[in-house]
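**Student:** here is a sequence with its predicted model. Questions after.
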Amino acid sequence: MALKGNLKDFNVTQLFNLVNLARKTGALTIEGRDKRAEVCFKDGRLVYASLNGQAPGLIGLLEKAGKISPEQSSMIRARSTTSADKELGLLLLNAGYVTQDDIVRSIRDHTLDVVYLLFTWTDGSFTFEPNKLPSEGTITIPINLENIIMEGSRRVKEYEMLQDELPDLDLALKFTERPDARLRGINLTGEEWRVVSFINPRNTIRQIAKANSMSDFKMRRIVYGLLSAGLVELVIPEGPKTIVTATEVAAPPPVKRSLILRLIDKVKRM
Amino acid sequence: MQMQTVKIVVTGPFNAGKTEFISSISEIEVVSTEQKITDGAHVVKARTTVAMDFGRITVDDDLVLYLFGTPGQKRFDFMWDILSEGMLGFVVLVDSARPETFREAKMILDRFRKYSPTPYVIAANKQDAEDAWPPEDLRIALRAPSNTKVLSCVATDRQSVKNVLLELLHSILE
């Protein structure tokens, strides 16, 4: 019988604890407004995770991890006769494109990315269906839950801090005009460079995250680092507005220059 | 001729000095809606603004500038978007001697910048306090863009408040 509930009453940490202690096998589905995640467990260990029904597949994960190039990815997709990850994995190994470790790491990293994001979800309904597992051709990497629970809890705190520091992802970024701030000589990771390459007052942080297939958490972490290093500044996005929020209020009516000059004169005389 | 009214908003964290700022320059006694503080914040000060402060500067027969101070406590932030509607610009007042409020000041600044693309200045208040952070250090702490004016301020000093308002008005002119 499926377990059902709401994250407000029983949060992700408690759910994972339950799965871990009861050594459960099955699929946990969490659904909230505009979001959905499916996580599978076998004998109390995490084996699979997908977000919003988007399973990127082995080729997508290897490309995202930089293990194969976009060109290789397109070529493999065009030539392969199977879409099952296990068969694709064997083909790639035999062809010498990747190692077994590349495959394991890419899948593991993706699974952990999805799961750690879940720890930041505070609302939504969940269903746990016992004995439901991913389809036959999916590669599953069993991961112990104890460390995930510890790391997830730590990330919740970090997430809350980043949320405070960088609450608005609809702002854009621009390089600081400080003359002593230079990107040259600073060690950036591949992901940071990908973000840096999109920095432009026209691109919102949210758009950059989407373009790089990054979670909000990861994006906030990178932007926070760039802001703290004084390399970038937050700015209102330029150009045509693409995002309109409910809290946005009417712009002031155009004010005549002469009116401001009268105000300046008055304040000076006070 | 019809009287024209324009509005400048003075915002900032709790106890940043917004009421004093408006009081220093307003030609009328500030219409304040302060209440006794009932939560833990009372150790910082005894009264706080729950809806707004309201000051006035009459320029002439047909032009009046209103100064609106926002409530500093976060639970009254629903007032912020109401007060900021149609503003000419805004002043973010920060208590330079209380770095524990800088994060909130930055959050308020980001939120007001999002409301409306109006000019603003940051006033580094309480510069007469012994442990006040200098305006340039405050700029870094608030991650204010390099072209944002971060001004030294003592909200109880009329001349200092005048200077902040003049800088804001010049920014509006630019």
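**Tutor:** Nice, thanks for sending it over. Just so it is clear, the model here is predicted, and its values are computed rather than measured.
**Student:** would you map the strands across the stretch 51-200 of chain A?
**Tutor:** A:125-130, A:172-175 (DSSP state E, counting those that start in this stretch).
**Student:** show me what counts as buried in stretch A:98-115.
**Tutor:** By neighbour count, and taking 16 or more other CB atoms under 10 Å in any protein chain shown as the criterion, the buried residues in stretch A:98-115 are A:98, A:102-103, A:105-107, A:110-115. All C-beta atoms are positioned from the backbone trio N, CA, C, and that covers glycine.
**Student:** may I have it exported as PDB, CA atoms only?
**Tutor:** As requested, C-alpha coordinates have been extracted for stretch A:98-115 and formatted as PDB (Å, rounded to 0.1, in the frame of the first residue of the first chain):
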ATOM      1  CA  VAL A  98      34.300   6.600 -21.800                       C
ATOM      2  CA  THR A  99      35.400   4.500 -18.800                       C
ATOM      3  CA  GLN A 100      33.100   2.600 -16.400                       C
ATOM      4  CA  ASP A 101      34.100   5.200 -13.800                       C
ATOM      5  CA  ASP A 102      32.900   8.000 -16.000                       C
ATOM      6  CA  ILE A 103      29.500   6.400 -16.300                       C
ATOM      7  CA  VAL A 104      29.200   5.700 -12.600                       C
ATOM      8  CA  ARG A 105      30.300   9.200 -11.600                       C
ATOM      9  CA  SER A 106      28.000  10.900 -14.100                       C
ATOM     10  CA  ILE A 107      24.900   9.000 -13.000                       C
ATOM     11  CA  ARG A 108      25.800   9.400  -9.300                       C
ATOM     12  CA  ASP A 109      26.400  13.100  -9.600                       C
ATOM     13  CA  HIS A 110      23.100  13.600 -11.400                       C
ATOM     14  CA  THR A 111      21.200  11.500  -8.900                       C
ATOM     15  CA  LEU A 112      22.700  13.400  -6.000                       C
ATOM     16  CA  ASP A 113      22.000  16.800  -7.600                       C
ATOM     17  CA  VAL A 114      18.300  15.900  -7.900                       C
ATOM     18  CA  VAL A 115      18.100  14.500  -4.400                       C
END
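**Student:** name the residues that touch it?
**Tutor:** A:37, A:39, A:46, A:48-51, A:56, A:58, A:61-62, A:64-65, A:67-68, A:89, A:92-93, A:139, A:141, A:143, A:148, A:152, A:215, A:218 (CB atoms under 8 Å, 6 or more residues apart in numbering or on different chains).
**Student:** now the buried members of the residues you listed.
**Tutor:** A:37, A:39, A:46, A:48-51, A:58, A:61-62, A:64-65, A:67-68, A:89, A:92, A:139, A:141, A:143, A:148, A:152, A:218.
**Student:** narrow these to those in helices?
**Tutor:** Among those, the ones falling in helices (DSSP state H) are A:58, A:61-62, A:64, A:89, A:92, A:148, A:152, A:218.
**Student:** and of those, the nearest to A:N131?
**Tutor:** Of all these, A:N131 sits closest to A:I148, with 21.3 Å by CB to CB.
**Student:** my guess is that closest one meets A:L15, correct?
**Tutor:** No: assessed by CB atoms under 8 Å, A:I148 is found out of contact with A:L15, at 11.6 Å.
**Student:** quick one, grab the pLDDT at residue 167.
**Tutor:** Here I'm looking at chain A. Listed pLDDT for A:P167 reads 80.
**Student:** my question was about chain B, not that one.
**Tutor:** Each residue has a pLDDT score; the one for B:E167 is 96.
**Student:** ok, it - contacts?
**Tutor:** Shown in contact with B:E167 (CB under 8 Å, 6+ apart): B:121, B:149, B:151.
**Student:** pick the most deeply packed of the strands of the stretch 51-200 of chain A.
**Tutor:** Counting by mean count of other CB atoms under 10 Å in any protein chain shown, strand A:172-175 has the highest mean neighbour count of the strands of the stretch 51-200 of chain A, with a mean of 20.
**Student:** other SSEs contacting it?
**Tutor:** helix A:205-211, strand A:232-235 (3 or more CB pairs under 8 Å, 6 or more residues apart in numbering or on different chains; DSSP states H and E).
**Student:** tell me who's in contact with A:G44.
**Tutor:** Neighbours of A:G44 in contact, by CB under 8 Å, 6+ apart: A:19-25, A:145.
**Student:** ignore what I typed, I meant A:R262.
**Tutor:** The neighbourhood of A:R262, defined by CB under 8 Å, 6+ apart, consists of B:59-60, B:63.
**Student:** now tabulate those in CSV and tack on distance to chain A and neighbour count.
**Tutor:** Listed next are these as CSV, based on distance: CB to the nearest CB, whole Å; neighbours: other CB atoms under 10 Å in any protein chain shown:
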residue, distance to chain A, neighbour count
B:V59, 4, 18
B:D60, 7, 10
B:L63, 6, 17
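**Student:** what's the pLDDT at A:K210?
**Tutor:** A:K210 carries a pLDDT score of 82 in this model.
**Student:** neighbours of it, how many?
**Tutor:** Using other CB atoms under 10 Å in any protein chain shown, the number of residues around A:K210 comes to 13.
**Student:** distance of it relative to A:L169?
**Tutor:** When CB to CB, to the nearest Å is the yardstick, A:K210 and A:L169 sit 10 Å from each other.
**Student:** cool, thanks, signing off.
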